[in-house]
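Engineer: how would this look folded up:
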Amino acid sequence: MTWIETVPYARARGRLRELYDRLKGPGDNVDNIMLAHSLRPHTLEGHMTLYKHVLHHPHNTVEPWLLEVIGIYTSLLNACEYCVEHHYAGLVRLLGDATHAARIRQALEGDEPGRALDPAQAAALDYARKLTREAASVGEADIRALREAGWRDGEILEINQVTAYFNYANRTVLGLGIDTRGDVLGLSPGGSAQDWQHR
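Structural biologist: Numbering: from 1, shown residues only. A predicted model of the protein is given here:
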């Protein structure tokens, strides 16, 4: 599961148990990426709040499936299999079309998002690639390119935040040796900002 000690759901008490109860899935399952925070519940709370707000907030206007694609692509660029598999399962569920999802994944794995996405969507992934691989070289021209592709500034912020979040999550996973053993892939929290329950 991870290279550091974790507190399983059955042994959790106090604030940690409260947080687990908010985010657990079927059978009291807590994803390993969240279990990895168990020795510091305040970072679990911070991680979950960030995740919920950048990827699953009802006020986001970028389509949820595309936010998942940005996360999958960022995770592929970072070679983070854990996040790729979790969020690919989520993408299949969101699209309701395993063939379409597989076509997108194949394009992402080939580092050619434009083979499966429209030009505006591909521009978002071009930005995600640059922010992930060459963050210091991102400039105002990259934002102009997103605007020219049809993205509004609030949507550009969403694209930026999802990319930044996945870079954080990927490094959490890779730096602590987190794997998918015991996880239920493809679950996500509900619609309201306060709903963390994975279903």
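Engineer: so who does the spatially most central residue of the chain touch?
Structural biologist: Closest to where the C-alpha atoms of the chain average out (CA atoms, centre = their mean) is G71, at 4.7 Å. For G71, the contact set (CB atoms under 8 Å, 6 or more residues apart in numbering) comprises 55, 83, 87, 162, 165-166. Placement of C-beta: from N, CA and C, glycine included.
Engineer: try 6 Å
Structural biologist: 87, 162, 166 (CB atoms under 6 Å, 6 or more residues apart in numbering).
Engineer: Let's see which of those end up in helices.
Structural biologist: When DSSP state H is applied, the contacts of G71 are split such that 87, 162, 166 fall in helices.
Engineer: any chance of the contacts of G71 in a markdown table, plus neighbour count, distance to G175 and pLDDT?
Structural biologist: Compiled in a markdown table, those are given as follows (neighbours: other CB atoms under 10 Å; distance: CB to CB, whole Å; pLDDT from 0 to 100):
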| residue | neighbour count | distance to G175 | pLDDT |
| --- | --- | --- | --- |
| H87 | 27 | 19 | 96 |
| V162 | 24 | 20 | 98 |
| F166 | 28 | 14 | 98 |
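Engineer: Kindly list the main-chain dihedrals of H198?
Structural biologist: Backbone torsions of H198, given as degrees, to the nearest 10, read phi -90, psi 130.
Engineer: Go ahead and confirm it touches G27.
Structural biologist: No: H198 lies out of contact with G27 (CB atoms under 6 Å); the separation is 11.1 Å.
Engineer: Just want to know which of those two has more residues nearby.
Structural biologist: Each of H198 and G27 had its neighbours counted (other CB atoms under 10 Å), and the higher figure belongs to H198 (19 against 7).
Engineer: Model confidence for that one, exactly?
Structural biologist: Confidence per residue is given as pLDDT, and for H198 that number is 76.
Engineer: now swap in M34 and tell me
Structural biologist: For M34, pLDDT reads 97.
Engineer: so is it in a helix, a strand, or just coil?
Structural biologist: Remark: M34 carries the secondary structure label helix [criterion: DSSP: H, G, I helix; E, B strand; the rest coil].
Engineer: wait, what's in contact with it?
Structural biologist: Listed by CB under 6 Å, 6+ apart, the contact set of M34 reads L44.
Engineer: quick one: secondary structure of I4?
Structural biologist: Put simply, I4 is coil when judged by three-state DSSP.
Engineer: what residues are up against the closest residue to it other than its chain neighbours?
Structural biologist: Counting by CB to CB, 6 or more residues apart in numbering, L176 is the residue found nearest to I4 once chain neighbours are left out, at 5.8 Å. Contacts were defined as CB under 6 Å, 6+ apart; by that measure L176 touches 2-4, 36.
Engineer: got a winner among the residues you listed for most neighbours?
Structural biologist: By neighbour count, taken as other CB under 10 Å, the most surrounded of these turns out to be A36 (24 neighbours).
Engineer: Tell me the pLDDT of the residue nearest to that one when sequence neighbours are not counted.
Structural biologist: The shortest distance from A36 to any non-neighbouring residue, by CB to CB, 6+ apart, is to T2 (4.8 Å). At T2, the model reports a pLDDT of 95.
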